[in-house]
Every structure is written in structure tokens, then in C-alpha cells.
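1. with the sequence up front, the predicted model follows.
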Amino acid sequence: MPTFKSKGKSESFTLAGGSTRLVDSHHVRLGRVGEVKTYESMRKLYRHLERGGARIMSVNIAERRGKYTLSFTVEMSRVIPAPRAPERVIGIDVGLTTLYTGATPDGAQVLSVANPRSYQRSEARLARAQRVASRRQGPAPGKAPSNRWKSSNARTQKIHADIANARKNFIHETTTMLTENYDRIVIEDLNVVGMLKNHSLAKHISDASWGEFVRQLEYKAPCYGSTVVKVDRFFASTKTCSSCGAVKAKLPLEIRTYHCETCGLTIDRDLNAAINLVRWTSQAASAGTRSVAGRRGEVRPRRTRAVKARPDEASTETPALVGA
Ligand SMILES: [Zn+2]
């Protein structure tokens with residue numbers, strides 16, 4: 001059944017692709033609307049259409065926060081790069097202090113991205129804008145919002161949009177770089193919803209957008225012929241020593257350096273976790289996890305670690321191979 005949408009929040013409509021044509025890289029002709037000039041260049045799409053390698057299936061026109069967005073659904077053939085040998089593998093630990101830490105199986109740190117903290121940087125500015133809006137006549141039952149409220153509310157919304165755009169762009173840049181340059185990307189299967197229940201960290205975890213990072217990796221990976229491997233969430237990547245394999249019982253968040261009492265290794269906490277993640281697959285891969293056909297469930301090497309016994313824990317299953 002159709003669902004009702006409220007007016008003014010985020011409105012959109014979809015047109016069939018048959019009536020849509022790109023005039024050039026900056027102009028699109030929409031059915032019944034006419035020719036529209038776009039702010040951003042559609043050069044790549046235009047070239048694909050020119051060469052006959054793509055076909056527009058539909059176009060969605062959306063208005064949000066005063067900006068119009070065109071979104072094309074395109075059918076096109078794409079050449080997926082052949083798997084490279086030797087395979088380039090990276091393990092990525094996502095965190096809050098350092099957003100992404102990447103390691104290769106030989107233990108080298110190849111990626112360290114500081115957390116841009118997009119929300120925190122604009123928090124004060126946002127609070128001020130919201131305070132101004134709160135003192136003006138906003139929408140209330142039986143009362144129309146004042147023009148002054150509308151303008152101050154628009155300012156608030158713009159700050160929200162700026163934060164969201166900065167964050168999204170940052171994640172897009174990182175995930176594109178990773179899927180282009182690595183054949184196998186090993187990440188932790190994080191329980192983001194569970195972690196958000198920790199109120200003191202919820203704001204920072206939301207701002208870090210770990211879920212969006214994983215979502216983008218997963219959809220981009222097939223386009224570049226790479227694979228995303230999720231290590232199951234009960235693997236103690238942070239608490240395990242990447243040198244000797246000893247597992248710590250506890251490692252509080254504020255301790256940024258991992259120090260192993262068994263072998264004396266001292267290493268950055270996030271790098272240690274990233275190394276554990278990347279090695280976890282290389283073990284699994286050499287034990288035959290890559291042969292997806294058939295022997296699911298028996299190929300994962302048995303790990304000697306003490307985790308909570310959970311009857312429903314899917315620890316005997318192969319890791320989720322995305323895009324394989
Ligand atoms: Zn150790």
C-alpha cells in the first residue's frame with residue numbers, strides 16, 4: 001500500500017529513464033521538466049552514454065535542505081579487474097582516536113587515518129544556531145512558523161548538512177582508495193547498535209560512521225574485484241598479542257599501547273588489532289576457507305582462546321565473503 005509522506009522534509013520523485021537524456025556533461029533533459037543545468041559535472045556518465053556502454057534506467061529527483069539532487073540508475077557493463085597475484089591484503093581496525101588503522105600480513109602499518117570528528121568540530125556552531133532558532137516562533141499547533149524562525153532554522157539545517165557531507169566525502173575517499181588498492185580487506189564485524197547503548201561514547205561512535213564505512217566497502221569491493229572479509233565479532237583482535245598470540249583478559253579503552261606480558265611486545269593498540277585481523281584471514285585462507293564450494297564449516301582453524309561460551313555463536317562458520 002502507498003505510504004503517506006509529510007510535505008517539506010525530503011521530497012522526491014522518479015522518472016523513467018526513457019524520457020531522460022544527457023545533453024552534455026552539465027545538462028540533462030528530463031521528461032516534462034525540460035533541460036536542467038547541473039552544478040556538478042556528469043562527465044563520467046556522459047562518456048559512458050556516448051560510447052553506448054550504459055543506459056539510463058531511471059532518474060530520481062530529490063530536494064533536501066534546499067538542494068536538488070539527481071540520482072541516475074544506470075545499466076552498464078563493467079570490466080572487473082582480474083585478481084592480482086600476489087594478493088594484496090589489508091586488515092583494518094576502526095577506532096575513535098585513530099579512525100582507521102591498516103596493517104599488512106607482514107605487520108607493517110600501511111594506513112593511519114586520524115578521526116576528523118566532523119560533528120565535534122561543528123558542535124558549538126550548531127548549538128548557537130539551534131539556540132537562536134529556539135527563541136523564535138517555530139511551528140506549533142495552530143501557529144505558523146515565523147519568517148525569522150525559518151531563516152534561522154535553515155542555518156541550523158545547513159550546518160547539519162555540512163557535517164554530513166564532510167563525513168560522507170571523507171568515507172568515500174577512504175573506501176575508494178582501499179577497494180582500488182587491495183584485493184582483500186579484512187575488517188571486524190562490529191556490533192554498532194550494541195555499542196551505541198554506551199551513552200558516553202554514542203555520540204563519537206555515530207560520528208565515526210563505522211557502519212557507513214563497512215557499507216561503502218562492501219558495495220565498492222565488487223566493482224574493483226576485491227573482497228571484504230568480516231571477522232566474527234567474538235574474535236578478540238584487540239586483546240590478542242600479534243606476536244605470540246597470548247590473550248589479555250582486559251584492555252581498557254584509555255590504554256593506547258598494547259604491552260604483552262608473555263613476550264614483552266610493545267605496540268600501538270590499534271596496529272596490534274589490525275595485524276591480528278589481517279593475519280586471521282591469512283590463516284583461514286591457507287587452511288582452505290577460500291574454497292567456498294562444499295566444505296563450509298570445517299575449514300576454519302580452531303582457535304585456542306577463551307571467550308564466553310555461547311550456544312548460538314556461529315564460530316564454526318566461514319567468514320562472510322562479500323562479493324566473492
Ligand atoms: Zn606476546
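-> That came in fine, so what should we check first? Residues are numbered from 1 along each chain as shown.
2. the ion contacts on the stretch 201-324 of the chain?
-> Where proximity means C-beta under 5 Å from the ion, the interface of the stretch 201-324 of the chain facing the ion comprises 241, 243-244, 246, 260, 262-263, 265. The way it works is simple: take the backbone N, C-alpha and C, and place the C-beta from them, glycine included.
3. does Arg279 touch Thr104 like I think?
-> No: when contacts are counted by C-beta atoms under 8 Å, Arg279 is not listed as touching Thr104 (9.9 Å).
4. of the residues of the stretch 201-324 of the chain next to the ion, buried ones?
-> For those, a neighbour count by 16 or more other C-beta atoms under 10 Å gives the buried set as 241, 243, 260.
5. end to end on stretch 59-69, go ahead and measure it.
-> Taking C-alpha to C-alpha, to the nearest Å as the measure, stretch 59-69 stretches 10 Å from start to finish.
6. quick one: contacts of it?
-> Counting by C-beta atoms under 8 Å, 6 or more residues apart in numbering, the neighbours of stretch 59-69 from elsewhere in the structure are 10-15, 17, 20, 28, 30, 33, 70-73, 154, 157-158, 160-161.
7. which one among the residues of the stretch 201-324 of the chain next to the ion gets closest to Arg233?
-> Comparing these against Arg233 with C-beta to C-beta places Cys241 closest, at 19.6 Å.
8. got the contact list for that closest one?
-> With contact taken as C-beta under 8 Å, 6+ apart, Cys241 is in contact with 247-248, 258, 260, 262-263, 265, 272.
9. tell me the contacts of the closest residue to the ion within the stretch 51-200 of the chain?
-> For the stretch 51-200 of the chain, the residue closest to the ion is Gly107, as judged by C-beta to the ion, at 12.7 Å. Taking C-beta under 8 Å, 6+ apart, we find Gly107 in contact with 242, 275.
10. could you look up the SS state of it?
-> Reducing the assignment to helix, strand or coil with DSSP: H, G, I helix; E, B strand; the rest coil, the entry for Gly107 is coil.
11. surely His204 forms part of a helix?
-> Yes: inclusion of His204 in a helix is indicated when three-state DSSP is applied.
12. okay, and the common contacts of Arg279 and Thr104?
-> Residues touching both Arg279 and Thr104 comprise Gly91, with contact defined as C-beta under 8 Å, 6+ apart.
13. between these two, tell me which one has more neighbours.
-> More crowded of Arg279 and Thr104, by other C-beta atoms under 10 Å: Arg279, with 22 against 19.
14. quickly find the element holding that one.
-> In the assignment (DSSP states H and E), Arg279 maps to helix 269-286.
15. by residue count, tell me the biggest helix in this protein.
-> Ranked by residue count under DSSP state H, the longest helix found in the chain is helix 147-181.
16. give the other helices and strands that the helix or strand following that one contacts.
-> Proceeding N to C from helix 147-181, the next assigned helix or strand is strand 184-188, under DSSP H and E. When contacts are defined as 3 or more C-beta pairs under 8 Å, 6 or more residues apart in numbering; DSSP states H and E, strand 184-188 packs onto strand 89-94, helix 210-220, strand 227-231, helix 269-286.
17. try it again at 7 Å.
-> Other helices and strands packing on strand 184-188, by 3 or more C-beta pairs under 7 Å, 6 or more residues apart in numbering; DSSP states H and E, are strand 89-94, strand 227-231, helix 269-286.
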